[in-house]
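In: the following block contains a protein sequence and its predicted model.
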Amino acid sequence: MEDKRLREKLHSKTAEELKFTKADRAEVFEKIHQPEENPIHKKPFMPISKTFVPIAVSLLMVGLCIVLFFPSLLSSDSAKETVVSVAGDPGVEEQAFSTTLITVKSEDMDNRIYLNLLLTYHKEEQKLKFISLPHDTRVPIKPGSIDPDKLLLTYQRGGAENVVSAVSELVGLPIDRYAIIDLETVSQLIELVGGVEYVLPEDIRVRGITAQAIEFEGGKQKLDGEELVALMMAATEGSDLAEKTVLDLLEIVMNQTEDQVTQVQFNDLFAQMETNASPESFLEKLKKIDSVEMVSLKEGITPHAEAMGDTQMLYTILFEEEFMEAILKELTDGERVQEEEITQEDEDTEIEETVETENEDAEKSVSVLSAYSNEQIEYARVWLQLGTNQEIDGLYVTKIPAGTPLNPDDETSAVYPEDVIQLAGSRLVDGSVTYSGNGDGTINMYNVPLRWDGEYPAGEAFYQGLIDNTELLAVDVGADEDVVRLIELLKMQ
């Protein structure tokens, strides 16, 4: 059987063209920490970088990609196509491309989504283009909502339909097919192929998913599913990691999948995905893909920070409208989406239905929590989830600033590297919870007691270990009545 592994190396622009330097990163993210002076840092509009991968791949690898990345290559009745016409030239014959959204979420992290790949497949040229959207991208949290939030939370707030709607609205492109894949499924796939081998040029620390952070040493790595996704996230978010890492890792996964995953194993994994695609007979309906092109978003990343109450900030990434228009043009090769003609009668009916829906939603959205601040709700939810004793007569809140010793009675104590909140009942038996909020529904929990008992000095290494081993947790929403009950017990120290 002819070996159809990837034969050609990744071709990209120079590293300098794709590089987001440390100086650039420092300048951009310095603005995030100075929201009162300049809450939005705007970067000048720059040309879009592109990276190409010529591919001629194995049967199984193409099959995996067809189902996950471009299901329109299946039979004609299994995937719809987006009809487009060339902008500015109505006389040009109509062409077609299809779009697919691939999202990786984590059920263990309350169904937050961490990786978002939007792909366009151009059938005539047999090429695939894609963008990788940062999970911190600012989007409407629900269709038609005026309250923006992170792409990270869209599945949690409305399932696959909400994710598809948010990405479609952001990019200005209808999405034909989607696949929502849980991190556990990704991990199973990577385990089946024996891990992903990848060489990192230097030591790097990246944001984790179930772990707060993952530290890699430079050199050869054998990645599991979470480590793989974490590196792709970092390469997407404007970190020091080269953006072409996303392509490199995809290429490696494809190659290592060949001859290591059977059809039965793949069908089992496919059954775990939430998708409107179908795996039936896909191996018999393969077509050659001449090239894969990554369209870079890095030059358009604009960090944004806004206050969420007195103690928290919401950090998101903005993309300017002009930049997203350029991205749309790149994804569609300068073509524009053909909008369907809507009659006045249809339009009037749609408006009436929209008004009725909005009125119904408004009635449903009235919550008993609307009378309380974000901080009050957070304190109550954290205690509801983590508090040792729920039958307390008071919930005491102490704000501890960064630089405060963990143990004020030990001169060898390390200090808190960030502002933290300590929740406690009125008695020692009630326990305590010490944490910092991340502004996205997750917290970093410090395993420290309310009262320090033991032999001191304990030594700097002991306290540093407590700091290094904070636990990243997703905060459950809880029942409204339970949250209100605890809010009414709050006492600020």
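Out: The structure has been received and is ready for your questions.
In: what about residue 251, which SS state?
Out: helix (DSSP: H, G, I helix; E, B strand; the rest coil).
In: could you number the chain from 59 rather than 1 from now on?
Out: New numbering, starting at 59: the last item is residue 309.
In: against residue 256, how distant is it?
Out: 10 Å (CB to CB, to the nearest Å). For the C-beta atoms, the positions are set from N, CA and C on the backbone; glycine is no exception.
In: please apply the same query to residue 238.
Out: For residue 238 relative to residue 256 (CB to CB), the value is 25 Å.
In: check residue 544 too.
Out: Following CB to CB, the distance that separates residue 544 from residue 256 is 46 Å.
In: and what of residue 305?
Out: 12 Å.
In: and these two? which has more neighbours close in?
Out: residue 305 (23 against 18; other CB atoms under 10 Å).
In: correct me, but that one touches residue 354?
Out: No: the pair residue 305 and residue 354 fails to qualify as a contact (CB atoms under 8 Å) at a distance of 10.7 Å.
In: show me where the stretch 259-408 of the chain dips below the pLDDT cut-off.
Out: The model of the stretch 259-408 of the chain has pLDDT under 70 over residues 296-298, 312-322, 324, 336-348, 365-371, 393-408.
In: do a quick rundown of the helices in it.
Out: 283-294, 303-315, 321-329, 379-389, 402-423 (DSSP state H, counting those that start in this stretch).
In: output the fourth one as PDB - backbone C-alpha positions only.
Out: Translated: helix 379-389. Once non-C-alpha atoms are left out, helix 379-389 reads as follows in PDB (Å, rounded to 0.1, in the frame of the first residue of the first chain):
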ATOM      1  CA  GLU A 379     -14.300  45.100  12.700                       C
ATOM      2  CA  GLU A 380     -11.800  46.000   9.900                       C
ATOM      3  CA  PHE A 381      -9.500  43.200  10.900                       C
ATOM      4  CA  MET A 382     -12.300  40.600  10.900                       C
ATOM      5  CA  GLU A 383     -13.500  41.800   7.500                       C
ATOM      6  CA  ALA A 384     -10.000  41.100   6.200                       C
ATOM      7  CA  ILE A 385     -10.100  37.700   7.900                       C
ATOM      8  CA  LEU A 386     -13.400  36.900   6.200                       C
ATOM      9  CA  LYS A 387     -11.900  37.800   2.900                       C
ATOM     10  CA  GLU A 388      -8.900  35.500   3.400                       C
ATOM     11  CA  LEU A 389     -11.100  32.600   4.500                       C
END
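In: which other helices and strands does that helix contact?
Out: strand 185-191, helix 212-229, strand 349-353 (3 or more CB pairs under 8 Å, 6 or more residues apart in numbering; DSSP states H and E).
In: I'd like the ones you listed as a markdown table, with distance to residue 551 and mean neighbour count appended.
Out: Shown next, in a markdown table, are the helices and strands packed on helix 379-389 (distance: least, CB to CB, whole Å; neighbours: other CB atoms under 10 Å):
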| stretch | distance to residue 551 | mean neighbour count |
| --- | --- | --- |
| strand 185-191 | 41 | 22 |
| helix 212-229 | 32 | 20 |
| strand 349-353 | 51 | 20 |
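In: where among those is average confidence lowest?
Out: When the helices and strands packed on helix 379-389 are compared by mean pLDDT, strand 349-353 comes last with a mean of 81.
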